[in-house]
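Asker: Provided below for reference: sequence and predicted model.
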Amino acid sequence: MASRKVVELFYDVVSPYSWLGFEVMCRYRHIWNIELKLCPAFLGAVMQKSGNRPPGMVPNKFKYMGKDLSRLAEYFDVPLKPPSDPFEVMFEKGSMSAMRLVTAVQERETGGDKQVEQVSRELWRRIWSEDKDITQPESLSEAAKKAGLSDGDVQEILQMYTSQPIKDKLKNTTEHALSYGAFGFPMIVCHIDGKPEVFFGSDRFELMAHCIGEKWLGPQPDKSAAKL
């Protein structure tokens, strides 16, 4: 068997399209011959430093995004439902605290990234399914507990996530994304023969599969395989 290709997934829970990309890559991590590395980063800094404009800042894009996400939620089988005030969620409250929390979870987790995956998913679920807050400590605590972390683990993470080392780690991961030319999330970097191939968005999986020599079975590969 050929050596496993390293695939980096840069994401932020404030981005609904990142949730779609995240779930697909988690579904394929044991189907494709890849080593998936979850890279929680801060989208706000990427948008600012790349000079990009969020879709929500362009009225026609914002209007389209609502319809688009509704269709995609069904297609990807992700319980995605826009919050009552998407503008407030994305641009006023933001995700700095949430992404620092995920970074703290990653910093203390050993032997894999199961907790990072579960906590990230619960944060997405809070804002993009249940219309709940992800900025206050009690909100972050609730998400972490729902993800299966113990009370002791949650207390330790809540002490860590505002520390300078965690802030620096999140900043470094964000800068790492920018070094690949990031302008938005999700951004997926496939390392092929020593060369990084960058894919943006949640609609490039078929092309990605072609580039890494794997087969694309759709966003729900288990269901697709069952039909074969």
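Answerer: That came through fine.

Asker: only C-alpha atoms for contact and neighbour calcs from this point on.
Answerer: Noted.

Asker: what about V102, neighbour count?
Answerer: Burial measure for V102: 28 neighbouring residues, criterion other CA atoms under 10 Å.

Asker: isn't it right next to V119, touching?
Answerer: Yes - between V102 and V119 there is a contact at 6.8 Å, judged by CA atoms under 8 Å.

Asker: just the helices in the protein please.
Answerer: 16-28, 43-50, 59-76, 86-87, 96-108, 114-128, 137-146, 151-160, 164-179, 205-212, 221-227 (DSSP state H).

Asker: name the helices or strands packed onto the second one?
Answerer: Using 3 or more CA pairs under 8 Å, 6 or more residues apart in numbering; DSSP states H and E, the elements in contact with helix 43-50 are helix 164-179.

Asker: which other helices and strands contact the helix it packs on?
Answerer: Helix 164-179 sits against strand 34-40, helix 43-50, helix 96-108, with contacts defined as 3+ CA pairs under 8 Å, 6+ apart.

Asker: now the angle from it to strand 34-40?
Answerer: 120 degrees (axes from the mean of the first three to the mean of the last three CA atoms, to 10 degrees).

Asker: Can you name the residues in contact with helix 164-179?
Answerer: Contacts of helix 164-179 with the rest of the structure, by CA atoms under 8 Å, 6 or more residues apart in numbering, involve 10, 39-43, 45-46, 50, 99-100, 103-104, 107, 160-161, 187.

Asker: now stretch 67-79
Answerer: Residues outside stretch 67-79 that contact it (CA under 8 Å, 6+ apart): P16, L20, E23, V24, L80, K81, P82, R125, W128, S129, P219, Q220.

Asker: Nearest to L140, out of those residues: which one, please.
Answerer: Using CA to CA, R125 comes nearest to L140 of the contacts of stretch 67-79, at 12.0 Å.

Asker: Show the contacting residues for that closest one.
Answerer: R125 neighbours (CA under 8 Å, 6+ apart): P79, L80.

Asker: Can you report how many residues neighbour the nearest residue to R126 once chain neighbours are set aside?
Answerer: Of all residues not flanking R126 in the chain, K132 sits nearest, at 5.0 Å (CA to CA, 6 or more residues apart in numbering). Using other CA under 10 Å, K132 is surrounded by 16 other residues.

Asker: mind checking how far K132 is from F76?
Answerer: Here the criterion is CA to CA, to the nearest Å. By it, K132 lies 22 Å from F76.

Asker: Please identify the deepest-packed of the helices of the chain.
Answerer: Compared across the helices of the chain, helix 96-108 shows the largest average neighbour count, a mean of 24 (mean count of other CA atoms under 10 Å).

Asker: related to what we said a few turns ago, hmm, the residue nearest to R126 is touching W124, no?
Answerer: No - between K132 and W124 there is no contact under CA under 8 Å: 9.7 Å.
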